[in-house]
Each structure stands twice: as C-alpha cells, then as structure tokens.
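**Q** got a sequence here, can you model it:
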Amino acid sequence: MSIARQGIHEARQELGRRLRAIRTAAEIDGRTLAGRLGWPASKVSKLQLGRQTPTIADIQVWTSACGDPQAANELVILLRDLDDRYARWRHELQHGHAAVQQSWADMEATAQTIRAFEPCWVPGLLQTPDYAAARFREHARLNDSPPDTDAAVAGRLARQEVLYSPGNRRWHILLTEAVLRYGTASPEVMRAQIDRLVSATTLPAVRLGIVPFRTRLPVSPAHGFWIFDDERVVVEVISAELRLSLPEEVVQYRKVFDLLAPSALYDADARRILTSLTESWI
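**A** The predicted structure follows:
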C-alpha cells in the first residue's frame with residue numbers, strides 16, 4: 001500500500017473509531033443503533049471498522065441518534081478530508097505541470113499567512129527559472145508526465161508575483177542548509193538560486209530562515225510541509241500530495257514548525273551563510 005493510500009485507510013479507520021466512541025459514550029449497542037436508524041447491523045459494523053465510508057447524512061443521523069449532534073461537525077471535516085486527503089501526481093500531471101501551478105497559486109492567493117519548511121529543495125515561490133526548470137524536468141522523468149517545462153516555469157514565476165502584491169500576507173519559510181548543498185542542479189544554477197535567496201531575505205513580506213548543519217534540532221526534519229492560515233497542511237511525498245485539514249493534524253505540524261523556527265538563521269546571519277554556500281559551488 002502506498003503512503004498516500006495508507007493515509008486514506010488510516011483516516012477512514014479513525015473516522016470509524018470516533019463513530020464507535022460516540023455510540024459507546026451513549027451506551028447504545030450496535031444493533032440498537034442500527035434499529036433506530038433503519039440500517040442493517042452490518043452497516044454499523046463496517047462504518048466502525050473503517051471498511052465503509054459514511055456519507056454526511058450517515059454521520060448526522062448517527063450523532064443525533066446518540067444524543068451528540070454537535071459531534072457531527074468535526075466528523076464531517078474528517079469525511080471531506082478523505083476526499084481531498086491526497087492528490088495523485090500521475091493523475092494531476094496528465095495535462096502537465098502548468099495546471100498544478102494554478103492550483104498552488106489559488107491556495108497562496110487566498111492565504112494570509114503561510115509557513116513552510118523544506119529540507120530538500122527551494123520552494124517554488126523562491127525559485128529561479130533555471131532551478132524551477134530542473135525540478136520540472138525531474139518530475140516529468142519520474143512521473144512520465146508531459147514535459148511542458150516552459151509553460152510550467154512560466155506558471156511558477158507567475159505565482160511569485162504574490163510576494164510583491166499589496167496587503168498583509170506573510171510568509172515564514174525555513175530551509176535546511178542541505179537544500180543548498182544537494183546537487184539538484186548544475187553549479188551555475190545553484191549559485192544563481194542562492195543569490196535569489198539572498199535577495200529574498202530583504203522582502204518585507206517574507207521571513208526566510210536557514211537551518212544550518214550541526215545545529216542541535218529539537219525535532220527531526222522528517223519531511224517538508226506547508227501550512228496555510230493554520231487551516232490546511234500540504235505535504236509532498238514521492239507519489240502524492242497530501243492535503244491535511246483535521247485540526248489536530250494542523251496543530252501538530254504547527255508545533256513542529258514552531259520548534260524548528262528558532263534553530264534558523266535570519267536576516268544578516270542568513271545572508272552570511274548563503275554567501276558562504278555560494279562560494280562552495282564555485
């Protein structure tokens with residue numbers, strides 16, 4: 001089972017556990033609940049075991065029959081999250097990478113505060129055209145997707161305009177030093193990309209931090225993630241893009257970000273380490 005599908009399976013099981021907990025708290029057995037709802041007993045069992053996905057109506061009548069209708073709200077969020085929990089790269093990329101850029105642009109345009117942590121590559125909002133092209137070519141090879149590199153780069157650069165738009169939007173972006181040491185592009189491209197990051201440290205709406213090697217970290221940097229307005233988390237894995245919106249998931253990712261952020265260097269300190277990294281690519 002892929003990471004993405006495993007996440008869906010676990011989320012469905014979690015939904016089932018919560019439904020069962022509501023029934024148990026109401027001191028109602030499964031057969032009695034099924035009788036109240038006019039369902040076969042097997043449906044109650046399947047829903048509780050995560051073998052069947054409930055509808056919104058199922059959740060609402062279940063919680064009402066158990067005397068806890070307000071519990072439906074969070075369960076409905078989890079249910080909707082099942083539909084939007086992961087987006088398969090191969091499916092999304094059938095028409096190339098440019099369309100995916102629009103999806104990200106929509107999320108970035110509507111968010112007021114974005115927090116991002118990247119341990120592997122420079123985030124799209126801060127990429128140079130050549131660095132972005134290298135990433136798109138890599139994804140096209142990996143996913144056998146249409147090589148629409150020029151259109152995808154144009155879409156990514158268009159996304160970056162939001163960094164300069166008026167308003168109160170804020171970005172807090174953390175990169176590990178490894179991002180700028182990995183050979184994910186040619187030396188010339190890496191030098192230009194690092195120069196771009198030096199400039200990004202002066203953008204009013206952007207707080208860019210570099211987490212250096214040898215810094216004692218309070219939490220392991222397991223993977224990259226983006227937090228949008230403390231309401232949604234987007235995580236890119238090899239085969240999928242996970243979109244998480246359960247409150248407890250968002251809180252956990254925010255906790256990880258807040259633990260990592262003080263480990264980063266900012267402003268002049270960030271520019272000094274970036275400059276030294278540029279020299280390493282000469």
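
**Q** could you use CA atoms for every contact and neighbour count after this?
**A** Noted.

**Q** strands of the stretch 101-250 of the chain, residue ranges please.
**A** 113-118, 170-176, 206-211, 225-228, 232-236, 240-244 (DSSP state E, counting those that start in this stretch).

**Q** and the ones you listed, which one is worst for confidence?
**A** Mean pLDDT is lowest for strand 240-244 among these, at a mean of 80.

**Q** between that strand and strand 232-236, how big is the angle?
**A** 160 degrees (axes from the mean of the first three to the mean of the last three CA atoms, to 10 degrees).

**Q** related to what we said a few turns ago, the strands of the stretch 101-250 of the chain: which one's closest to L93?
**A** Among these, strand 240-244 comes nearest to L93, with 10.9 Å by CA to CA.

**Q** so can I have CSV of the strands of the stretch 101-250 of the chain showing distance to P146?
**A** Formatted as CSV, the strands of the stretch 101-250 of the chain follow (distance: least, CA to CA, whole Å):
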stretch, distance to P146
strand 113-118, 26
strand 170-176, 29
strand 206-211, 33
strand 225-228, 25
strand 232-236, 19
strand 240-244, 17
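
**Q** any chance of these in CSV with distance to K255 and mean neighbour count as columns?
**A** Compiled in CSV, the strands of the stretch 101-250 of the chain are given as follows (distance: least, CA to CA, whole Å; neighbours: other CA atoms under 10 Å):
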stretch, distance to K255, mean neighbour count
strand 113-118, 11, 21
strand 170-176, 14, 21
strand 206-211, 17, 22
strand 225-228, 11, 22
strand 232-236, 12, 19
strand 240-244, 15, 20
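
**Q** quick one: closest of those to D267.
**A** Nearest of the strands of the stretch 101-250 of the chain (CA to CA): strand 206-211, 7.6 Å.

**Q** and the one helix or strand T24 maps to, average pLDDT?
**A** Assigned by DSSP states H and E, T24 belongs to helix 3-25. Here helix 3-25 scores 77 as its mean pLDDT.

**Q** and what of stretch 252-270?
**A** Rounded mean pLDDT across stretch 252-270 is 97.

**Q** other residues contacting that stretch?
**A** For stretch 252-270, the surrounding residues in contact (CA atoms under 8 Å, 6 or more residues apart in numbering) are 115-117, 174, 198, 201-202, 207-212, 215-219, 227, 230, 233.

**Q** same thing with stretch 64-81?
**A** So stretch 64-81 is in contact with 11-12, 15, 18, 22-23, 26, 28, 33, 36-37, 53-56, 59-60, 63, 243-246, going by CA under 8 Å, 6+ apart.

**Q** buried residues in it?
**A** 65-66, 68, 71-72, 75-76, 78-79, 81 (16 or more other CA atoms under 10 Å).

**Q** kindly report the same for stretch 93-104.
**A** 93, 96-102.

**Q** all the helices of this structure, residue numbers only.
**A** Here the chain has its helices, by DSSP state H, at 3-25, 30-37, 41-49, 56-65, 72-84, 89-92, 98-110, 129-143, 149-159, 187-200, 247-260, 267-280.

**Q** show me what contacts the spatially most central residue of the chain?
**A** For the chain, the residue nearest the mean C-alpha position is V234 (1.1 Å; CA atoms, centre = their mean). V234 sits next to 225-227, 241-244 when contact means CA under 8 Å, 6+ apart.

**Q** and the strands of the stretch 101-250 of the chain: which comes nearest G183?
**A** Counting by CA to CA, G183 lies closest to strand 170-176 out of those; the figure is 14.1 Å.

**Q** note down every partner strand of the closest one and its orientation.
**A** Paired neighbours of strand 170-176 in the sheet (DSSP bridges): strand 113-118 (parallel), strand 206-211 (parallel).

**Q** now the first one, how far from the centre of its chain.
**A** Read that as strand 113-118. In terms of CA atoms, centre = their mean, to the nearest Å, the centre of strand 113-118 is found 9 Å from the chain centre.

**Q** now do it against helix 247-260, angle only.
**A** Angle between the axes of strand 113-118 and helix 247-260 is 70 degrees (criterion: the same axes, to 10 degrees).

**Q** what's strand 113-118 in contact with?
**A** With CA under 8 Å, 6+ apart, strand 113-118 has contacts from 108, 169-176, 179, 223-229, 257.
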